[in-house]
Structures are given as structure tokens and as C-alpha cells.
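Student: Task: produce atomic coordinates for the following.
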Amino acid sequence: MTTTMTSTMEEPTKNVQENLEANYTSHPSELVKDGVVSSKYSSQDLRNAIPAYCFEPSYFWSFFYLARDLLVAGTLMYASYNYIPLIPFKLGRYAAWATYGYFQGQQMTGIWVIGHECGHGGFSKNDYLNDTIGWITHSALMTPYFSWQSTHRRHHIYANNLIKDHNYVPITKGKYASLMGVDVEEVADMAEDSPLYTLARIILQQIVGFPWYLIANITATQGSLANKNPQSKYPLGNSHLSPTSALFRPEEWHLILASDIGLGLTVLANYIAAQYIGWEAVCLLYVMPYMWVNHWIVAITYLHHTHPDVPKYEPEAWTFLKGATATIDRNLGFGGKHLMHNIADYHVIHHIFSRIPQYYAEEATKAIMPLLGDSYHEDKKRNFWALIWESFTQCQYVEPDDPNAKPADRAMYYKAGPSPPIEINMGRSGLKSE
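Tutor: Numbering: from 1, shown residues only. Alright, predicted model coming up:
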């Protein structure tokens, strides 16, 4: 087994993230195959396989995609507001508005993805420009930019770590058995949920999942906190909206406040718009596609990190590169590729080198696939709903691939079962924080 790049549970400031990616290029890579680490290729081999320009943001292409997205979204909004009401049949108007909401939702998600690029420094080399555009685009889509940037950075540094990760951290078999009220030995014999109940849980996740995460940090663990602020015991103590949240370092309070101001300005803009065009028009033009944005953010993040063949790691076994390669590329069709900027199609490379711009992600992925071999995960042959259904029914808890192995030598894999009771706050993982 090779020397790990880092296993230090240090607080992930921006400098730490940059150091991680820099150090990553000078240490042997740890490629994961069936939970076993291989050192056949070095991380420098991976970097060398990618054309150098893929690591350099292009002002032309970054602003081109931003301008294109804004133009398409503005055109859809203008045309729908002016022409859909002219459709003589009520059913036709309903169908037209539903169609508008769906495609505008995908295009607005594309704008959100550009804000996500800014948060990683992939839009340009200028941090002030990145944060300005990121704050505007995310605020316009009711996402607290700096708050989300801070916890999302921590997710990237600690991806698939059962103690430190922020996104879809699974519960262990023991915690699952406790939540279900059965002995551990009985878990494997439990019947799955009825299809209607499963569908209802999926719909609930897709509608309120992202706001729920922002408000209560659901899907994360207590170990993902930046500090042990006593307010963490209260509902907003773990919220992305509170400047004193335990999610953030004390010196970040002004950034969290700036994020909240951005959300407030968006609410105010919608209120002012409603005084001129009415609340019905605001709901149709903005709220309806915004709900689709919520859906896509939840679905994309969930599908990246939830699959029966993709491992999670206990702290003793986890390293940065193990976590980075323990994600999976999915296919969301035309909209995913052209409107949402391949955010789901090429996500593995994003975890390995998070500052590669989205317009180079496909090229960079194809460059390293021969080196990664079986360590590269993808599932692009099935449709979206089949992928969601599989992940939701086959990924309820994790257990070791080899229970007899030492914690440092094993990986944790998802197992099927009925859905556990809904949790409204943090603390999903059955592991103890260090």
C-alpha cells in the first residue's frame, strides 16, 4: 500500500483545498478496486494524461456559457409570459406552462452549475470575479453562495468519509437496525417497502431535499461541523442560513450574512415583480422552474454518491483519493449535457481535480479513464428514474465488504432494505466523531 496523500482531519479552508490538490499531484495515487488500494499509477500520471489547458479557465468560454444560459433563460421567460396566455384552450395553456417549467428548470440549473464553478475557482483565476458571479447566480436561485461554498468545499475534501462528509452520508448497519427496531441479525430478512411508499419518499426527497439540507444540514453528520458551537443543539444551529451556525468558523460570519442578504434581495425582487405582473405570473415564471432546480440539485448530488457498487470509508481507511474516486458518472440525457453542463455525466473528474472547468470535463475524463481502469465508475445506460429507484431501494445502509478485516483495510458498501424513519436533522451516521 502506498503512502497516503493526507489523512489529517484539518479544517478545510480554501488554502487547505488548494494544498490538497497540489500535494495530490506529487504522491502515488491510491486507486480503488473492490475496496482494495492499488498503486499501479501515480497521481502525476493522471495529471500528465490530461492536456495542460484543461486546468486553465478560459474567460471566453466561461463568459460564453454564462451569457448563453442567461439569454436562453431570459428568452424562455419572455416568450412564455407573452405568448402562453394567448393559447385559447386551458388544457393547452397548462401543458405549455408545464413544458416551460421543465426546460426552464434545467436551464436555471445550468446557471446554478456556473455558480458552482465559481465556488471552486473554475470560472476564472480571479477570486473576486468568481465570488461576485457565484454570489449573484446562486442568490438568484435561492442558494446561499458563501455558506454552501464552505460546506461544499468540506464535502470535496472529505468525500465519502463516514465521519466528515456532508452529502448523503449513509447510516451503518447497527444504526439502521436500531432505527428499524430490530436486531442486527434480522436486518437482512426485512421486506422492502411497497412501491407506492417508496415513490412517496422519493417525491418528498426531490421536492424538499435541498431546502431541508440548507436549513438543517440533513444527510450530513455531527462530525462534519466546523466547530462545536453550543447552538448546534438548536434547529438553526446547523443551518446554512445562520452566521453563528456550528457549520462555519467564527471568522466566516460576514460571508454567511452576505449569503443571507443575497437571498433576501431575491425574495424582494420577486415581491416587486409580483406588484407589476401578479403573484400567479411570478409563481409560473420563477417558482415553478425553481422547484425543478431543487429537484435536479438533489437528484444529481444523490446519484453521484449513492450506488451499490461505490464504496464509503471509515476514517481509518479513508484518504482523499479513495473518496474522490468513490463517486459515479451518470447520464441525464440532452438536458444534462447541454443545459446543465455535464454536471452529472463527468463528476468523477470533478472530485479528483475540482478546478477543471465544466467545458473541459469530458476531455479530462476520457484522458484518465484508461489509467483508472476499474477504479472509474459510471452508469450511463439506464434512464434517470431507473437510477433513482435503484439507489433509493438498494442503498439504505452500509456494512464492511469484509467484516473480519481491520478497519484500515476495508470499504463499506450499500445494502438494500426498507426506508428508515425520516430524520429532520443531522447525525445520520452510526460512527462516532473523532
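
Student: Tell me which residue lies farthest from the centre of this protein.
Tutor: Distance from the C-alpha centroid of the chain, by Cα atoms, centre = their mean, peaks at Pro88 (41.6 Å).

Student: can you confirm that residue is in a strand?
Tutor: No - counting by DSSP: H, G, I helix; E, B strand; the rest coil, Pro88 is located in no strand; its state is coil.

Student: For the stretch 201-350 of the chain, give me the ranges with low pLDDT.
Tutor: Residue ranges of the stretch 201-350 of the chain with pLDDT under 70: 227-236.

Student: give the contact list for the residue farthest from the centre of the chain.
Tutor: Counting by Cβ atoms under 8 Å, 6 or more residues apart in numbering, Pro88 makes contact with nothing. Bear in mind the C-beta positions are built from the backbone N, C-alpha and C, glycine included.

Student: how far away is it from Ala96?
Tutor: According to Cβ to Cβ, to the nearest Å, Pro88 stands 12 Å off from Ala96.

Student: Correct me if wrong: Val169 contacts Gln222.
Tutor: No - here Val169 does not reach Gln222: they are 10.4 Å apart, not a contact under Cβ atoms under 8 Å.

Student: Would you map the helices across the stretch 1-150 of the chain?
Tutor: For the stretch 1-150 of the chain, applying DSSP state H, counting those that start in this stretch gives helices covering 14-24, 43-49, 59-83, 90-120, 127-140, 145-157.

Student: Which strands or helices does the shortest one pack on?
Tutor: Read that as helix 43-49. In terms of contacts (3 or more Cβ pairs under 8 Å, 6 or more residues apart in numbering; DSSP states H and E), helix 43-49 is packed against helix 361-372.

Student: one more time with 10 Å, if that's ok
Tutor: Contacts defined by 3 or more Cβ pairs under 10 Å, 6 or more residues apart in numbering; DSSP states H and E place helix 43-49 against helix 14-24, helix 348-352, helix 361-372.

Student: Show me how far it is from its chain's centre.
Tutor: Distance of helix 43-49 from the chain centroid (Cα atoms, centre = their mean, to the nearest Å) equals 25 Å.

Student: Over to the fourth one?
Tutor: Using Cα atoms, centre = their mean, we find the averaged C-alpha position of helix 90-120 to lie 18 Å away from the chain's own average C-alpha position.

Student: Where does Glu399 sit: helix, strand or coil?
Tutor: Classification of Glu399 by three-state DSSP places it in strand.

Student: which one is Arg201 nearest to, not counting chain neighbours?
Tutor: Using Cβ to Cβ, 6 or more residues apart in numbering and skipping residues adjacent in sequence, the residue nearest Arg201 is Ser419, 5.4 Å away.

Student: How about Val72?
Tutor: What sits nearest to Val72 in space, not counting adjacent residues and going by Cβ to Cβ, 6+ apart, is Gln107, at 5.3 Å.

Student: For the one you found, which residues are in contact?
Tutor: Applying Cβ atoms under 10 Å, 6 or more residues apart in numbering to Gln107 gives the contacts 68-77, 289, 292-293, 335, 338-340.

Student: at 7 Å instead, please
Tutor: Listed by Cβ atoms under 7 Å, 6 or more residues apart in numbering, the contact set of Gln107 reads Asp69, Val72, Ala73, Leu76, Leu339.
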